[in-house]
Structure formats: C-alpha cells, structure tokens
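Asker: this one's structure only:
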C-alpha cells in the first residue's frame, strides 16, 4: 500500500494575499492611515528645502539633494486629491525606492506624519474592494484590518506612474 501525501491547493487569491504579508511603515494623510512595504523605504526625514521644477504636475513639489543624489519629491496628499495643508513638525518625507519598467528610482513622498512599523499577517489583509465599473485603483495592494481599523496598503511602484514623473528624468535619477 502506498501513502500519497496531498498538499492543500492554494488559491491564487490567498497566495497573492500571503505575498502581501510583511512589515509595513504606516503613515497618515488626513484622517486615513496608509502603509507601504518597509522593503521600499530607504529613509524618513523631516521637511527639507525642495527645489521647484517648472512644468511638472501640481503634486510634484520638485527635487531635493539627498547626499549628492537628486530625487523627485511628491506631495501624496495632492496626488490623492486631498486638500493642501501647511507643513508642520510632524510632516515628513519618506524616501522610497520604486521600480519603473526596467529601472529603479528613488522618490520622496510627503506625508502628514509617520505612525509606526507593523508586521501585518496575510489573514489581516483583504483584497481591494470592487468600486464598480470604470473605477480602477491599481496602486492599492489591499486593506489591512488591525485593531478595529482599516489601513490602506499601497503598491508604491504603482502610486507614481512614469507619466507622473515625466520631465524629471533629465534632472533626477
């Protein structure tokens, strides 16, 4: 008699959610909490002098010099259509490394304030809800349910498209 061991089949959905589990840096924008995978975070800093670059989208604040490297800086509030607010002592820039096509690029994102680093299990993450026909939100990784609250998990590689940073290619690398 031969014993055959069967492994339970993993549905594509649950495999995708499991791949989303891990450490996330959480931050606030308005009244909402967001998270980005720590693997994409290079640095967190207070507001720095930013050099404006003409003819860029309204949410691109400009560029800053980060230890000799010029990186674009995006105000995430403005990118997400939230009202602009005055920066304060909690406002900070999260320097992220994003993958665009075949190249990696450093981008600073301005947020209202950083909260904490959380380890989020796959069981705590739900797929992005269906918002109806014609509404696509590719930059959402999922929704984390923690301590009775929902944190919106972002795919930082898709928050900023190549078109968003167009015009900065010659300046920032």
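Answerer: Here it is on my side, so go on. Fair warning: this is a prediction, and the values are worked out from it, not measured in the lab. Residues are numbered from 1 along each chain as shown.
Asker: Pick out the residue nearest the middle of this structure.
Answerer: Residue closest to the average C-alpha location in the chain (C-alpha atoms, centre = their mean): residue 156, at 3.3 Å.
Asker: wait, doesn't it sit right on residue 96?
Answerer: Yes - in this structure, residue 156 is within contact of residue 96 by C-beta atoms under 8 Å, at 5.2 Å. (Each C-beta comes from the backbone N, C-alpha and C, glycine too.)
Asker: Quick check: what element follows the helix or strand hosting residue 151 along the chain?
Answerer: When elements are assigned from DSSP states H and E, residue 151 belongs to strand 149-154. For strand 149-154, the following helix or strand on the C-terminal side (DSSP H and E) is helix 156-159.
Asker: Which stretches in this protein count as helices?
Answerer: Secondary structure of the chain (DSSP state H): helices located at 12-20, 76-79, 156-159.
Asker: Can you give me the separation between residue 68 and residue 43?
Answerer: 14 Å (C-beta to C-beta, to the nearest Å).
Asker: Compare those two (neighbour count), which wins?
Answerer: Neighbours around residue 68 and residue 43, counted as other C-beta atoms under 10 Å, are more numerous at residue 43. The numbers are 14 against 5.
Asker: how much space is there between the nearest residue to the more buried one once chain neighbours are set aside and residue 113?
Answerer: The shortest distance from residue 43 to any non-neighbouring residue, by C-beta to C-beta, 6 or more residues apart in numbering, is to residue 95 (4.1 Å). To residue 113, residue 95 is 16 Å away according to C-beta to C-beta.
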